[in-house]
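Q: Fold the following.
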Amino acid sequence: MRDGDIITLDYEGRTDGELFDTTLEAVAKADDVHEEGHHYEPITVIIGEGRLVPGFDAALKKAKVGEASEATLPPEDAYGQRDPKLIETMSLTRFRRTCPDAKGYPGEELEIEGRHAHLVAIYGSRVRVDFNQHLAGKELVFKFTVKSKVTKADDKVAALFNMEYQSGDEPQVKLTGKHAEITLPDRCKFDPAWFQAKYRVVAALRKHTDLEEIMFVESYEGTKPEPKKEKKKPAKKKAKKTASKKKAAPKKKKTAKK
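A: Okay, the predicted model is just below:
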């Protein structure tokens, strides 16, 4: 494997023996961290693009398709060491204002003024929050299998689509020269997240393919006319036979000529 290769892989990541992420539903269920509604499926990554922690990226370059592998990463090859300066204390009033939906338990993930954090503790009228990545300072162990290396042009389009927007359904891709027509999965029609993901998909396709035109197709079923019901022709009434006997006209008596 080398930088720029597009691959799909399954993995499980652990720290201190505890599972923190996986693409495998069976593993999530076995560790009792299964999330309903979450799509458990192989992910698409581009080697060397910087989306993975450095140590995991380096391990993928040594991997072979279909072969189970394992990598143990020290903090400096993962999320780095914890920075004490990123642990802050704020007033309970500010905390309630910026995180009105917070439950208040230690370890709770928060979004504070555009920064991701987790709650350390609440001490009376003071709140301590940690803006370090929650895996910073930890040794990580990844078990993974590269499922495929994507090489075909239409498969690349589908893989890059799934990398930026995981819908659980494969998009239908039709390539004509350097023109791509992508029929969107049904979920895109009602998922607000698709609006933002669409621009990421286009950016990825521009960067990693030579396509000159990208077209998204949303297909909806229209109103189908109801089948016409054939009108039954009224049954012809059989004319009643009236047996009207004509009375025979009285015979004229013949008179003999004299």
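Q: From L73, how far off is T22?
A: Noted for T22: a distance of 16 Å to L73, by Cβ to Cβ, to the nearest Å. Quick note: C-beta positions are derived from backbone N, CA and C, even for glycine.
Q: again, but for D154
A: When D154 is compared with L73 (using Cβ to Cβ), they lie 35 Å apart.
Q: again, but for H134
A: H134 sits 15 Å away from L73, going by Cβ to Cβ.
Q: For those two, indicate the residue with more neighbours.
A: Neighbours per residue (other Cβ atoms under 10 Å) separate H134 from L73, with L73 holding more: 21 against 16.
Q: Give me the pLDDT value at the more buried one.
A: L73 carries a pLDDT value of 97.
Q: again, but for F195
A: With respect to pLDDT, F195 scores 89.
Q: Just read off the phi/psi values of it.
A: When read as degrees, to the nearest 10, the backbone of F195 gives phi -60, psi -40.
Q: oh, and call the first residue 730 from now on, that's how I've got it
A: That works, and once the first residue is 730, the last one we named lands at F924.
Q: How many residues are close by it?
A: F924: 9 surrounding residues under other Cβ under 10 Å.
Q: what does the one 4 residues further on give?
A: Burial of Y928 is recorded as 10 neighbouring residues (other Cβ under 10 Å).
Q: Backbone dihedrals for it, both of them.
A: Recorded main-chain torsions at Y928 are phi -70, psi -30, according to degrees, to the nearest 10.
Q: same deal with P783?
A: Per degrees, to the nearest 10, the backbone of P783 is at phi -50, psi -40.
Q: Just the helices from this protein, written as ranges.
A: 754-759, 783-790, 821-827, 882-893, 922-937 (DSSP state H).
Q: How far does the last one sit from its chain's centre?
A: A distance of 14 Å separates the C-alpha centroid of helix 922-937 from that of its chain, computed with Cα atoms, centre = their mean, to the nearest Å.
Q: Which strands and helices lie in contact with it?
A: On a contact count with 3 or more Cβ pairs under 8 Å, 6 or more residues apart in numbering; DSSP states H and E, helix 922-937 meets helix 882-893, strand 942-946.
Q: Could you dump these into JSON lines with mean pLDDT and distance to A831 added?
A: Output for the helices and strands packed on helix 922-937, formatted as JSON lines (pLDDT from 0 to 100; distance: least, Cβ to Cβ, whole Å):
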{"stretch": "helix 882-893", "mean pLDDT": "93", "distance to A831": "30"}
{"stretch": "strand 942-946", "mean pLDDT": "95", "distance to A831": "38"}
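Q: residue ranges of the strands in the stretch 730-879 of the chain, please?
A: For the stretch 730-879 of the chain, the strands defined by DSSP state E, counting those that start in this stretch cover 735-744, 747-751, 772-775, 797-802, 816-820, 838-841, 844-852, 855-859, 869-878.
Q: what's the closest of the ones you listed to F924?
A: Counting by Cβ to Cβ, F924 lies closest to strand 838-841 out of those; the figure is 19.5 Å.
Q: partners of the closest one in the sheet?
A: Note on strand 838-841: by DSSP bridges, its sheet partners are strand 844-852 (antiparallel).
Q: residues of the strand it pairs with that come out buried?
A: In terms of neighbour count (16 or more other Cβ atoms under 10 Å), strand 844-852 has its buried residues at A846, L848, V849, I851.
Q: cool, stretch 814-832 as well?
A: By 16+ other Cβ under 10 Å, the buried positions in stretch 814-832 come out as F824, C828, A831.
Q: pLDDT score assigned to the last one?
A: Reading off the confidence values, A831 has pLDDT 91.
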